[in-house]
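Trainee: Sequence and computational prediction follow.
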Amino acid sequence: MKSLLMFTAIGVFLALSSIEISAQAKQRVRFAAGESSASVKGVVRGYAYRDYIVAARSGPSIDLDLKASTMATVLSVFTPGGSNLVEAAQGDQFSGTLPSNGDYVIRVGMMRSAARRKGSVSSFTLRISIN
């Protein structure tokens, strides 16, 4: 039982740590037991982006805070149906109520003007809180 508990704790730690994923890959964000927030770190280059999937129910509020090495790094949120959550498009912060149950996609990328520059790169930390 102890080894199962330790294995689970290590798995949660690795899932929430700053593991980089490949461009255009999706990473599911899981909150540790009893927690309502998590942080992920990553890097985007050029037109590449990172997608983070968060399962949520309608009603609670979600708070997103993006800290990046360049001001041209932005986030957008897509609803479970795939449409863009208009209030959460191309910014570095968002706070609002979720309209439906399901998997939300939080996309982090660079603005087009910065992405087209040769060698453009930005590291970031995204904090996700659901209350």
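Mentor: Nice, thanks for sending it over.

Trainee: Does S113 lie in a helix or a strand, and which?
Mentor: helix 112-115 (DSSP states H and E).

Trainee: That helix: which residues count as buried?
Mentor: Residues 114-115 are the ones in helix 112-115 that count as buried (16 or more other C-beta atoms under 10 Å). Bear in mind the C-beta positions are built from the backbone N, C-alpha and C, glycine included.

Trainee: neighbouring strands for whichever helix or strand comes after it, and are they parallel or not?
Mentor: Using DSSP H and E, the helix or strand that follows helix 112-115 towards the C-terminus is strand 121-130. Each strand paired with strand 121-130, and its direction, by DSSP bridges: strand 37-45 (antiparallel), strand 61-68 (antiparallel).

Trainee: Adding mean neighbour count, write those out as a markdown table.
Mentor: Shown next, in a markdown table, are those (neighbours: other C-beta atoms under 10 Å):
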| stretch | mean neighbour count |
| --- | --- |
| strand 37-45 | 18 |
| strand 61-68 | 17 |
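
Trainee: Export the ones you listed as a markdown table, with columns for mean pLDDT.
Mentor: What follows is the strands paired with strand 121-130, written out as a markdown table (pLDDT from 0 to 100):
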| stretch | mean pLDDT |
| --- | --- |
| strand 37-45 | 95 |
| strand 61-68 | 95 |
